[in-house]
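K.L.:
got a sequence here, can you build the structure:
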Amino acid sequence: MRFVAGSNPAARTTHHQLKGNTMSYHGTPPPDYNKTGIAVVNPLIRIEQKLRKVQDVLDNISDASILTANDLKIKIQKVLDD
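P.N.:
Sure, this is the predicted structure:
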């Protein structure tokens, strides 16, 4: 590689543009998640919520109810499909 007198090869390869106060890797401040919400929800949270709903369905069935196994299956399936 040949250099010309007075040239600075580093000046040609670095492109720094000062954009003010940058707070993240991409140069923009992070969004306000209270307004926008989080894009990805932990799947374990969703699973826990469904398990709570199934537990509520099971807790609300009285011992004297005349539910068949198929009725119970349908109720639980509705919770899981939501």
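K.L.:
now for the chain, the helix or strand with the poorest mean pLDDT.
P.N.:
Ranked by mean pLDDT, DSSP states H and E, the helix or strand of the chain with the weakest confidence is helix 9-13, at a mean of 59.
K.L.:
you'd agree Val57 is up against Val79?
P.N.:
Yes - using C-beta atoms under 8 Å, Val57 is in contact with Val79, at 5.9 Å. (C-beta placed from N, C-alpha, C; glycine too.)
K.L.:
which one of these two has more residues nearby?
P.N.:
Per other C-beta atoms under 10 Å, whichever of Val57 and Val79 has more neighbours is Val79, with 17 against 14.
K.L.:
any idea how far the residue nearest to the more buried one when sequence neighbours are not counted is from Ile76?
P.N.:
Closest residue to Val79 apart from its sequence neighbours, by C-beta to C-beta, 6 or more residues apart in numbering: Lys53 at 4.5 Å. According to C-beta to C-beta, to the nearest Å, Lys53 and Ile76 sit 9 Å apart.
K.L.:
ok so, going back, which element is the residue nearest to Val79 on?
P.N.:
Per DSSP states H and E: Lys53 is located in helix 43-59.
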